[in-house]
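**Q** Need coordinates for the below:
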Amino acid sequence: MTQAQFFTDVAEKSQLSKAQVRAVFTGVEEVITKKLKGEGKIPLGGLGYAKLVDRKARMGRNPQTGEPVKIPAKTVIKLNPSKTLKDLFNKKGKK
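**A** All right, here's what the predicted structure looks like:
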């Protein structure tokens, strides 16, 4: 799915124009960025939450050559789904 297709689908579901949907998502992006920088964690409604996590430096391996490679420490964004969302995709007996 492309970004344009995503905005089109959201526009149809919400009965807003694609320009309005794009403006809303631009605003959401700005709020999430600002809150993550300030607080390090932000709720995403029924989807779950996003938080910043520090990863330690570690040794990895180049898959082509097998040569050891040092992977530097960095901060990443971790998305944690809500229980409702997890349960939706992890039903018992699902094949």
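
**Q** drop to CA atoms for contacts and neighbour counts, all remaining ones
**A** OK.

**Q** how is this structure carved up into domains?
**A** 1-39, 40-85 (automatic domain parsing).

**Q** for the ones you listed, which one sits closest to Lys91?
**A** The minimum distance between Lys91 and these falls on domain 40-85, with 10.6 Å, by C-alpha to C-alpha.

**Q** Now do the closest one, average pLDDT.
**A** Regarding domain 40-85, the rounded mean pLDDT is 94.

**Q** start to end distance for it?
**A** 22 Å (C-alpha to C-alpha, to the nearest Å).

**Q** re the thing from before, can you redo the domains of the chain as a markdown table, where the extra columns are distance to Lys91?
**A** Below are those laid out as a markdown table (distance: least, C-alpha to C-alpha, whole Å):
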| stretch | distance to Lys91 |
| --- | --- |
| domain 1-39 | 25 |
| domain 40-85 | 11 |
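
**Q** In TSV: these, plus mean neighbour count.
**A** Below are the domains of the chain laid out as TSV (neighbours: other C-alpha atoms under 10 Å):
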stretch	mean neighbour count
domain 1-39	13
domain 40-85	12
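
**Q** List phi and psi for the most centrally placed residue in the chain.
**A** In the chain, the residue lying closest to the centroid (C-alpha atoms, centre = their mean) is Leu79, at 5.3 Å. Backbone torsions of Leu79, given as degrees, to the nearest 10, read phi -100, psi 120.

**Q** ok, the residue lying closest to it once chain neighbours are set aside - contacts?
**A** In space, and not counting its chain neighbours, Leu79 is closest to Ala50: 4.5 Å by C-alpha to C-alpha, 6 or more residues apart in numbering. Ala50 sits next to 41-44, 77-80 when contact means C-alpha atoms under 8 Å, 6 or more residues apart in numbering.

**Q** biggest helix in the chain, by residue count?
**A** helix 18-39 (DSSP state H).
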